[in-house]
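compute the structure for the input listed below.
(one chain, ligands or ions: 1)
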Amino acid sequence: MPVKTTVDDTGVVRKVVLVGATGSACVIYTHGATITSWISQGKERLFLSKQAVINGSKAIRGGIPVVFRKLPQHGFARTSTWEFLGHKDSIDGVHARFLLRETKETMSSEWPYKFRLTLTVFLSESSLKVGLMVTNMDEVNIEFTSLLHTYLRTTNINDTELVGLSGCKYVDKILGGSDNSDKEEPLVVTKSEDRVYANAPDLLTVKVKGEKEIITVDKSGFKDYVFWNPWSELAKGMSDFGDSEYQEMLCVEAGAVSAPIVLEPGKEWEGFTTLTVESQ
Ligand SMILES: O=P(O)(O)OC[C@H]1O[C@H](O)[C@H](O)[C@@H](O)[C@@H]1O
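Below is the predicted model of the structure:
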């Protein structure tokens, strides 16, 4: 499978494009190791804002940014330059790996630990599997929270249903309170939503009325899901997000946020999210 890289004039890889044999493709920027595009069955499946800033000055609005360490908001991984470690072909698809280690800046921050983050992107005909491995390279325990902040594209949010969270408890970050639970099945967004589902079921499905294909979202390692759509009011306050783009996206984010992960020296932790296009 071909892999194309774009290198800047200092020799640093800035962009990696994975191209699958059946027309599937995926674009990853080393800025944040952010996956900005995933084409499967001839259609773009990830949302990327038309106003996203991709010059390295801020986190990319859309795709799959890597959230690591929640403070400050969403942490340094999504704004750091990751190293492209290379790719490997297999019968089913292609893997690419990216690495981030501590820097002088992180060592002098409020999170001064030695670590390795390895992001693995596996593209196959109908799936995109993303894995984040955290290795504690320090001599003390490290604690972190993390999310694969997945922006899924939809043609129309009003016709979009998220199935799989019925009866699950969530913390509503807008209204507060931890005792909310989904009654309706499926979940349809009609206002600004920012929900944390702790210990959520792994397998969710996104359906758009009238469309033959569905997207399944699966996770392992990560215990939680965060569900987010800014809706119209919040959208207006975001400089890197169009006023009406909330109609074209929903974030379904596999994460470890309800309780931080504690990792002993020398140990590894890994979490995955897998997106798959299926016919219904
Ligand atoms: O604007 P950002 O830092 O990218 O965050 C965008 C959103 O991400 C998550 O889903 C959080 O739950 C939200 O509270 C936050 O507003």
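
what bits of the stretch 51-200 of the chain have low per-residue confidence?
Counting by pLDDT under 70, the stretch 51-200 of the chain shows low-confidence ranges at 70-72, 178, 184.

tell me which parts of it are close to the ligand?
Within the stretch 51-200 of the chain, the residues that sit near the ligand (CB under 6 Å from any ligand atom) are 59, 73, 74, 173, 194. C-beta here means a position set from N, CA and C on the backbone, and glycine is covered the same way.

ok, of these, which come out buried?
59, 74, 194 (16 or more other CB atoms under 10 Å).

can you tell me which residues contact residue 2?
Counting by CB atoms under 8 Å, 6 or more residues apart in numbering, residue 2 makes contact with residue 19.

quick revisit: of all pairs in the residues of the stretch 51-200 of the chain next to the ligand, which one is the farthest apart?
Using CB to CB, those reach their maximum pairwise distance at 59 and 173, which is 18.5 Å.

would you map the helices across the stretch 151-280 of the chain?
For the stretch 151-280 of the chain, applying DSSP state H, counting those that start in this stretch gives helices covering 231-236.

top strand in this protein by residue count?
strand 249-263 (DSSP state E).

what's around residue 208, how many residues?
Applying other CB atoms under 10 Å, we find 17 residues neighbouring residue 208.

do the same with residue 280
Residues near residue 280, counting by other CB under 10 Å: 8.

I figured it hits residue 208, correct?
No: the pair residue 280 and residue 208 does not pass the contact test of CB atoms under 8 Å, sitting 10.5 Å apart.

returning to what we had before: for the longest strand of the chain, which positions count as buried?
249, 250, 251, 252, 253, 254, 255, 256, 257, 258, 261, 263.

also within reach of the ligand: list those from these.
Within the buried residues of strand 249-263, those near the ligand by CB under 6 Å from any ligand atom are 251, 253.

neighbours around the residue of the stretch 101-250 of the chain found nearest the ligand, how many?
Of all residues in the stretch 101-250 of the chain, residue 228 sits closest to the ligand, at 3.4 Å by CB to the nearest ligand atom. By other CB under 10 Å, the residues close to residue 228 number 22.

going forward can the numbers begin at 11, since that is how I track them
OK, 11 is where the count begins now, so the last one is residue 238.

which residue packs closest to it, ignoring adjacent ones?
residue 261 (4.1 Å; CB to CB, 6 or more residues apart in numbering).

ok, residue 165 next?
The nearest residue in space to residue 165 (CB to CB, 6+ apart) is residue 218, at 6.0 Å.

show me the beta-bridge partners of the one you found.
In this entry, residue 218 is beta-bridged to residue 170, by DSSP bridges.

thinking again about what came up before, now do the contacts for the residue of the stretch 111-260 of the chain closest to the ligand.
Residue 238 touches 203, 204, 205, 260, 261, 263, counting by CB under 8 Å, 6+ apart.

what about the third one, distance to residue 58?
Note on residue 205: its distance to residue 58, by CB to CB, to the nearest Å, is 23 Å.

next one: the last one
Taking CB to CB as the measure, residue 263 and residue 58 are separated by 16 Å.

again, but for the fourth one
The spacing between residue 260 and residue 58, counted by CB to CB, is 14 Å.

still on that earlier bit, wait, the residue nearest to residue 165 sits on residue 163?
No: at 10.0 Å, residue 218 does not count as touching residue 163 under the criterion of CB under 8 Å.

ranges for the strands of the stretch 111-260 of the chain?
125-134, 137-146, 152-158, 161-163, 170-173, 179-182, 190-191, 203-207, 214-218, 223-230, 234-239, 259-273 (DSSP state E, counting those that start in this stretch).

residues of stretch 22-41 that come out buried?
Those would be 23-26, 28-30, 34-41, for stretch 22-41 by 16+ other CB under 10 Å.

which residues touch it?
11-18, 44-52, 64, 66, 70, 89-94, 97, 103-104, 106, 108, 131, 133-136, 138.

and those, which are buried?
Buried among these by 16+ other CB under 10 Å: 11, 13, 44-50, 64, 70, 89-92, 94, 97, 103-104, 106, 108, 131, 133-134, 136, 138.
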